[in-house]
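[1] I would like to see how this sequence folds:
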Amino acid sequence: MPVIAGIEGLLALAVVGMVVALVVIPLGLPGLWIMIGILAVATYADQVSPIILILLVVVALLAELAEWMIVARTSARWGGSRKAFWGAIAGGLVGILVGLPVPLPILGPLAAGLLGTFAGAAAVTLWETRALRSAGRVGCGAVLGRAFAAAAKTAAGVVILVVGTAALILR
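    Next comes the predicted model:
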């Protein structure tokens with residue numbers, strides 16, 4: 001009986017780990033890949049089918065591609081250049097890192113990441129165009145793109161969580 005309880009405990013821990021990973025996705029952290037890593041270990045332990053793992057890796061890759069496309073298109077639609085896109089990405093990463101020590105566990109990094117995204121895109125656009133209004137517009141577009149991208153990646157994370165949990169429980 002202790003072996004079964006041990007396996008059930010590990011499966012429960014895996015599900016909890018995937019839920020925590022889902023929560024960090026909007027922060028810009030690699031929650032999708034943490035979930036995939038947990039499921040890869042479960043596949044190695046013969047608890048999840050390799051086919052399911054491969055399908056979920058495809059979901060994660062499509063979500064990553066969607067994130068880049070959404071941010072790039074939204075930034076461009078609001079007048080941003082390719083350099084402004086990279087400024088938004090870099091600014092968002094710096095913002096998340098700066099926001100991590102903020103006492104608000106999730107809201108601090110999320111707000112700092114969005115602020116960093118705005119600042120990065122706006123700074124590059126200001127440097128390119130010397131137009132403050134244009135820089136603000138591009139920054140706003142980059143923030144919208146980042147928010148939509150986070151929503152898309154979180155939706156993919158929900159799919160991975162549901163399918164992965166079902167695969168763990170039903171195996």
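
[2] okay, CA-based contacts and neighbour counts for the rest of this
    Fine.

[3] which strands and helices sit next to whichever helix in the chain runs longest?
    What stands out as the longest helix in the chain, according to DSSP state H, is helix 132-170. In terms of contacts (3 or more CA pairs under 8 Å, 6 or more residues apart in numbering; DSSP states H and E), helix 132-170 is packed against helix 2-24, helix 31-44, helix 50-77, helix 82-99, helix 107-129.

[4] 6 Å instead?
    helix 50-77, helix 107-129 (3 or more CA pairs under 6 Å, 6 or more residues apart in numbering; DSSP states H and E).

[5] And the ones you listed, which one averages the lowest pLDDT?
    Comparing mean pLDDT across these, the weakest is helix 107-129, with a mean of 89.

[6] Okay, buried residues for that one please.
    108-126 (16 or more other CA atoms under 10 Å).

[7] try stretch 37-44
    Within stretch 37-44, the residues that count as buried by 16+ other CA under 10 Å are I38, L39, A40, A42, T43.

[8] Out of the helices and strands packed on helix 132-170, the one nearest A12 is which?
    Closest approach to A12 among those (CA to CA): helix 50-77, 18.1 Å.

[9] tell me what that closest one is packed against?
    Against helix 50-77 (3+ CA pairs under 6 Å, 6+ apart) you get helix 132-170.

[10] before we move on, the earlier item: mind putting the helices and strands packed on helix 132-170 in a markdown table, distance to P30 included?
    As requested, the helices and strands packed on helix 132-170 are exported to a markdown table (distance: least, CA to CA, whole Å):
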| stretch | distance to P30 |
| --- | --- |
| helix 50-77 | 10 |
| helix 107-129 | 14 |
